[in-house]
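>>> Provided below are the primary sequence and the corresponding predicted coordinates.
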Amino acid sequence: MANSEKKQWDSSQLRKYDFSLEQIPRLHYKDPKIDELIKQNLPVLITDSNIVKPAIEKWTLEYLERNLGSAGHTVYVSRNHKFKFYDDKKILNKNNPKGVEFSPPTKRAEMKVFEFMKRLREWKRGEKRVYLQQILNSTVGPAIVEDYMNFDWRYVGEKKNKHNWGELTSNLLFIGMEGNVTPCHYDEQQNFFRPNPRCILFAPDQFENLYPHPVHHPHDRQSMVDFDRPDYTKFPKFKNVKGYETIVEPGDVLYIPIYWWHHVESLMRGGPTITVNFWYKAGPTSLEYPLRDHQKVSIMRNVEKMLLEVLQDPKEVGPLLRAMVLGRYN
Ligand SMILES: CCC[C@@H](CC(=O)O)C(=O)C(=O)O
Ligand SMILES: [Zn+2]
């Protein structure tokens, strides 16, 4: 079914979590208030846009199977519904002696599109889940390239220039199974996102409530809290978390500001989801005071990187920071 038909859904298709959520503002794509929100690094759901209209209208599973091309595509395989991102470059191995001992929660496979679609169609409850996450590049077929060229680049280009974003780094195509979840994380990029139906967002000032893994960890930028079974002993401040959510309708595009946490899920029993994102590098930032919350996250990241660089042993970072702060800066 093309994504252009309005999807009917009910709350039983949403996973339940231990926090309350406010709604993300929804604005028509011509509304100038959109720029006010982007300027403040605030999320907004942009409705009735043509940003990815060709994808909404044409990208069904059948169309993608016919036109995605014969190259192998990156597919993650998970034993459960979660697809928590990890950075290979931070895993301990013979080429990376400084890496972290780590067993990835998902396996990355290369699949031909027909192979992936077969796995998708024949999936039975309890079997491993799959999630195709493929950069839209020259390996896709000509029809997809044409659709991509017909995205509303004027609109996204106008936003990029008006808000001094950096260059477009990539557009990823996601084909997910119903119920798949990308757990809570932040990116160091601006994101225009025709996402899976349900997005839960948290502002950068929720850093202390969401307990990101250390920067040197393969799960850097990902929250350590398992939203399905939060460990309030290890992560007591998680009970204070304040978030926003939106359920995306066909034609909607969500602006996820840089450093904003997001948890993305496909509706249970909602069928496969096809989504596209636009990742833009951060633009040049001047340090204006008072500093913005996301700038403080960036500063904390730099402190962690510098300390690790000079201390060498990750186990020494905590004790040094505690010695420096406890009883002196609190
Ligand atoms: C690997 C990126 C996944 C994506 C969320 C999703 O569609 O599952 C996201 O987090 C983003 O576009 O930033
Ligand atoms: Zn993300």
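Yep, it's here. Ligands and ions are numbered 1, 2, ... in the order given.

>>> wouldn't Gly251 be in contact with Ile46 here?
No. Gly251 is beyond contact range of Ile46, at 9.4 Å (criterion: Cβ atoms under 8 Å). Yep, even glycine has a C-beta here, placed from its N, CA and C like the rest.

>>> more neighbours: which of those two?
It is Ile46, of Gly251 and Ile46, that has more neighbours when counted by other Cβ atoms under 10 Å, with 25 against 20.

>>> wait, the more buried one sits on Glu249?
No. Judged on Cβ under 8 Å, Ile46 makes no contact with Glu249 at a distance of 11.4 Å.

>>> in the chain, what residue is nearest ligand 1?
Thr182 (3.3 Å; Cβ to the nearest ligand atom).

>>> helix or strand next in line after the host helix or strand of that residue, which one?
In this assignment (DSSP states H and E), Thr182 forms part of strand 181-185. With elements assigned by DSSP H and E, the helix or strand that comes after strand 181-185 is strand 189-194.

>>> near ligand 1, anything from the next helix-or-strand element following that next one?
Per DSSP H and E, the first helix or strand lying C-terminal to strand 189-194 is strand 198-202. No. Strand 198-202 does not reach ligand 1 (Cβ under 6 Å from any ligand atom); its nearest approach is 8.2 Å.

>>> one more: stretch 82-90?
Yes. Counting by Cβ under 6 Å from any ligand atom, ligand 1 has neighbours in stretch 82-90: Phe85.

>>> what's the span of that stretch from first residue to last?
Criterion Cα to Cα, to the nearest Å; first-to-last residue distance in stretch 82-90 is 20 Å.

>>> list the buried ones in it?
82-87, 90 (16 or more other Cβ atoms under 10 Å).

>>> and for stretch 31-45?
Counting neighbours by 16+ other Cβ under 10 Å, stretch 31-45 gives 34, 37-38, 41-45 as buried.

>>> kindly report the same for stretch 308-328.
308, 314, 317.

>>> repeat for stretch 61-80
So stretch 61-80, judged by 16+ other Cβ under 10 Å, has buried residues 61, 63-65, 67-69, 73-76, 78.

>>> pull up the distance across stretch 236-245, start to finish.
Terminal residues of stretch 236-245 lie 22 Å apart, using Cα to Cα.

>>> cool, and stretch 96-104?
With Cα to Cα as the measure, stretch 96-104 spans 16 Å from end to end.

>>> list the contacts of that stretch.
Here stretch 96-104 makes contact (Cβ atoms under 8 Å, 6 or more residues apart in numbering) with 86, 89-93, 216-218, 314.

>>> report the angle between the strand holding Thr182 and strand 198-202.
Interaxial angle, strand 181-185 versus strand 198-202 (axes from the mean of the first three to the mean of the last three Cα atoms, to 10 degrees): 10 degrees.

>>> what does strand 181-185 rub up against?
Applying Cβ under 8 Å, 6+ apart, the set of residues contacting strand 181-185 from outside is 15, 81-85, 196, 200, 202, 210, 212, 221-223, 225-227, 261-266.

>>> out of the residues you listed, which sit inside strands?
Applying DSSP state E to the contacts of strand 181-185, the entries found in strands are 200, 202, 261-265.

>>> ok, which pair from the buried residues of stretch 31-45 is furthest apart?
By the measure Cβ to Cβ, Asn41 and Leu45 form the most distant pair in these, at 15.6 Å.

>>> check whether stretch 206-222 contacts ligand 1.
No. Against ligand 1, stretch 206-222 shows no contacts by Cβ under 6 Å from any ligand atom, the least distance being 9.9 Å.

>>> buried stuff in that stretch?
In stretch 206-222, counting by 16+ other Cβ under 10 Å, buried: 206-207, 209-213, 215-222.

>>> just the CA trace of that stretch, in CSV.
Taking Å, rounded to 0.1, in the frame of the first residue of the first chain, the C-alpha atoms of stretch 206-222 are listed here in CSV:
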residue,chain,number,x,y,z
GLN,A,206,17.5,15.8,29.4
PHE,A,207,21.1,14.6,29.2
GLU,A,208,21.2,13.8,33.0
ASN,A,209,17.9,11.9,32.8
LEU,A,210,18.8,9.7,29.8
TYR,A,211,22.4,8.6,30.8
PRO,A,212,24.2,8.4,27.5
HIS,A,213,27.0,5.7,27.2
PRO,A,214,30.5,7.2,27.6
VAL,A,215,31.8,8.9,24.4
HIS,A,216,34.4,6.2,23.8
HIS,A,217,31.8,3.4,24.0
PRO,A,218,30.4,1.8,20.8
HIS,A,219,27.0,2.9,22.0
ASP,A,220,28.2,6.6,22.1
ARG,A,221,25.2,8.9,21.8
GLN,A,222,22.7,6.2,22.8
